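Visitor: just the structure for this:
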Amino acid sequence: MNQLFVDRYNELKFLEEKYREKRSQLIIVYGRRRIGKTELLLKFSQNKPHIYFLCEKTSNRTNITKLSRKMAEYLKKKSFSRIVFEDWEDLFREFVEWKDENDKIVIILDEFQYLIEMDKGVLSLFQRIWDLYLSRREDIMLILCGSSIGMIETEVLGYKSPLYGRRTGQWRVNELELKYIKEFVPNYDYTDLVYVYGTFGGVPAYLTRINPNITFLENIRRLFLQKGEFLYEEAENLLRQELREPRNYKLILRALAEGYRRVVEISNMTGLDKATVSRYLDTLELLDIVSYEIPVLEKPKTRKRLYYIKDNYFNFWFRFIDVNRDLIEEGREEIVLEEITNNLDNYISFIYERIAKKLLQSYPHVPFRITKIGREWGKSSRGEAYEIDLLGYNRNKTKYLALEVKWSDLNSRDIERILKRLRKTIEKIGVKGEIFYGVIARRIYDKKEIKNNLILLDLKDLMEHILK
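Guide: Numbers count the residues shown, from 1 in each chain. Below you'll find the predicted structure:
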């Protein structure tokens, strides 16, 4: 398996700067499972005196005993591990007394939420540990790391937490961006890079399982369509680990994967009432699995929300794997692979739109600085429905950029038809100001022959900008 450590420059820079500060540090690092938190912390601490401890779902006594052995190894004093510690405060108090202040150490408690799940009182103990023993020591950097996003944000970072106001820094570790995908599959072309990103997302634990010497579809067959493979059941396992009622969350994710994007539609599809659906969607948002979009010209508090599965792995899994579990269990993966092959471009089209949206905010060759950009839809004053893939505008809304995004190959005639449609849509919306138009496609033929000062970008343009 490929063991690449990719990117995380900003995360490492943040941790290094905190480590160099001449003060005590209590850092909270968290993010969804498989995102690379442990690898990040091990990379950061590898050339520093450190203690890495993975908390277990056993008992406080067992965890304290195992950590005391790690501390004894660091102190090079076996007698330390023979002490019977009453609780976490007792352990850290003794460790601070035994430790030489000239040696700065990083102490990492990974999967800290396990300790909270066993006993919420551990938070008050760590408050005392920090206040009484660590906050005045410049030679200790304590990092509490967790995978349960909801628990960390509520129980550790929340204002009701005993640790509230104690942390000296926090970092939520997110997925890798598209530009780093190539490091896992260096021989893949631009199209396949987008396929990989749209299927595996930017999750290092998934990307490292790709065999870069075989095709994208062969990797799909190997990693998704074989009973017992890691990615075949990973989505379901994550939901069981993170959520109390995984069945209801699965119903909602299935509805989203089938194209039901409004709360009322999801409610009708799942049989759950709207209030319940909204509550579950909020939780899925917190976990970074689901998000929503609103018309870009609407005010932020509008109820015109369209939800979608933001996490590309979950999106792919619920679109193609979950609905075909019976076929995969029967060993008929060829049928599923054919379905994926036939529908892959349609699936990727929405993801390509999101890629384009993000890149346009930093792309240098646009006629003005874009303040906000997103999809726009609604009805005109005459009641006519309209929709634009991407509509951007400047700060004072005097300039607008209307674009259509296509995951397909276009020629000059296609561009002319799109331009005509965009102009009619802008008339329906009734925006006032200087209007620019553009098309983003997978490939645009005879691009140089197309006039009208259009902004024309294809996948090659976008990827070259991303990878430079």
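Visitor: can you give me the domain boundaries for this protein?
Guide: Domain assignment for the chain by automatic domain parsing gives 9-172, 178-329, 358-467.
Visitor: tabulate these (CSV), appending mean neighbour count.
Guide: (C-beta placed from N, C-alpha, C; glycine too.) As requested, the domains of the chain are exported to CSV (neighbours: other C-beta atoms under 10 Å):
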stretch, mean neighbour count
domain 9-172, 17
domain 178-329, 18
domain 358-467, 16
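Visitor: want to throw these into a markdown table with mean pLDDT and distance to L344?
Guide: Below are the domains of the chain laid out as a markdown table (pLDDT from 0 to 100; distance: least, C-beta to C-beta, whole Å):
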| stretch | mean pLDDT | distance to L344 |
| --- | --- | --- |
| domain 9-172 | 95 | 23 |
| domain 178-329 | 95 | 7 |
| domain 358-467 | 91 | 10 |
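Visitor: dump the ones you listed into TSV; add distance to L337 as well.
Guide: Converted to TSV, the domains of the chain look like this (distance: least, C-beta to C-beta, whole Å):
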stretch	distance to L337
domain 9-172	24
domain 178-329	6
domain 358-467	20
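Visitor: and of those, who's closest to V336?
Guide: Nearest of the domains of the chain to V336, taken as C-beta to C-beta: domain 178-329 at 4.5 Å.
Visitor: straight-line length of that closest one, end to end?
Guide: 32 Å (C-alpha to C-alpha, to the nearest Å).
Visitor: now stretch 318-332
Guide: Termini of stretch 318-332 sit 18 Å apart (C-alpha to C-alpha).
Visitor: how much space is there between L123 and R166?
Guide: 10 Å (C-beta to C-beta, to the nearest Å).
Visitor: E338 is nearest to which of the domains of the chain?
Guide: Once the domains of the chain are compared by C-beta to C-beta, domain 178-329 is nearest, at 10.2 Å.
Visitor: any chance you could map the strands in the chain?
Guide: For the chain, the strands defined by DSSP state E occupy 25-30, 50-54, 105-110, 140-146, 169-172, 290-293, 306-309, 372-379, 385-393, 399-410, 434-444, 455-458.
Visitor: among those strands, which is nearest Y363?
Guide: So among these, strand 455-458 is nearest, using C-beta to C-beta, at 7.7 Å.
Visitor: each with direction, which strands does that closest one pair with?
Guide: strand 434-444 (parallel) (DSSP bridges).
Visitor: could you tell me the model confidence score at M1?
Guide: M1 carries a pLDDT value of 40.
Visitor: and if you look at the one 3 residues further on?
Guide: Per-residue confidence for L4 comes out at a pLDDT of 62.
Visitor: how much space separates W98 from K301?
Guide: 55 Å.
Visitor: quick one, what contacts R442?
Guide: T191, Y352, K406, W407, S408, D409, D458, L459 (C-beta atoms under 8 Å, 6 or more residues apart in numbering).
Visitor: hmm, the first one is touching L459, no?
Guide: Which is T191. Yes - assessed by C-beta atoms under 8 Å, T191 is found in contact with L459 at 6.7 Å.
Visitor: would you mind measuring from L109 to E86?
Guide: For L109, the distance to E86 - C-beta to C-beta - is 18 Å.
Visitor: from what I can see L390 touches K372, true?
Guide: No - contact status for L390 versus K372: not in contact, 10.8 Å apart, counting by C-beta under 8 Å.
Visitor: what about K104, distance to M269?
Guide: 55 Å.
Visitor: nearest residue to the residue of the chain positioned farthest from its centre in space, please, no chain neighbours.
Guide: Going by C-alpha atoms, centre = their mean, the residue of the chain most distant from its centre is S79, 44.4 Å out. Nearest residue to S79, sequence neighbours excluded (C-beta to C-beta, 6 or more residues apart in numbering): A72, at 7.7 Å.
Visitor: let me know whether the one you found touches F85 as I believe.
Guide: No - taking C-beta under 8 Å as the definition, A72 is not a contact partner of F85, at 11.6 Å.
Visitor: where along the stretch 251-400 of the chain do the helices fall?
Guide: 263-270, 274-286, 312-316, 325-329, 333-360 (DSSP state H, counting those that start in this stretch).
Visitor: of these, which is nearest I152?
Guide: helix 274-286 (10.4 Å).
Visitor: what sits up against that closest one?
Guide: 149-150, 153, 243, 248-249, 252-253, 263-264, 266-267, 270, 272, 290-292, 307.
Visitor: can you tell me how far Y313 is from D288?
Guide: Counting by C-beta to C-beta, the gap from Y313 to D288 is 11 Å.
Visitor: what's the span of stretch 237-246 from first residue to last?
Guide: Rule used - C-alpha to C-alpha; the end-to-end distance of stretch 237-246 is 9 Å.
Visitor: and what of stretch 366-386?
Guide: End to end - C-alpha to C-alpha - stretch 366-386 spans 24 Å.
Visitor: same question for stretch 48-62.
Guide: Span of stretch 48-62 from end to end, C-alpha to C-alpha: 26 Å.
Visitor: if I look at L422, how far off is E177?
Guide: Taking C-beta to C-beta, one finds L422 at 29 Å from E177.
Visitor: scratch that, I149
Guide: 19 Å.
Visitor: dump the residue contacts of the residue lying closest to W317 once chain neighbours are set aside.
Guide: Spatial nearest neighbour of W317, excluding adjacent residues (C-beta to C-beta, 6+ apart): A235 at 4.2 Å. Going by C-beta under 8 Å, 6+ apart, A235 touches Y313, F314, W317, F318, I321, D322.
Visitor: the residues you listed: which two are farthest apart?
Guide: Across the contacts of A235 (C-beta to C-beta), the longest gap, 12.1 Å, separates Y313 and D322.
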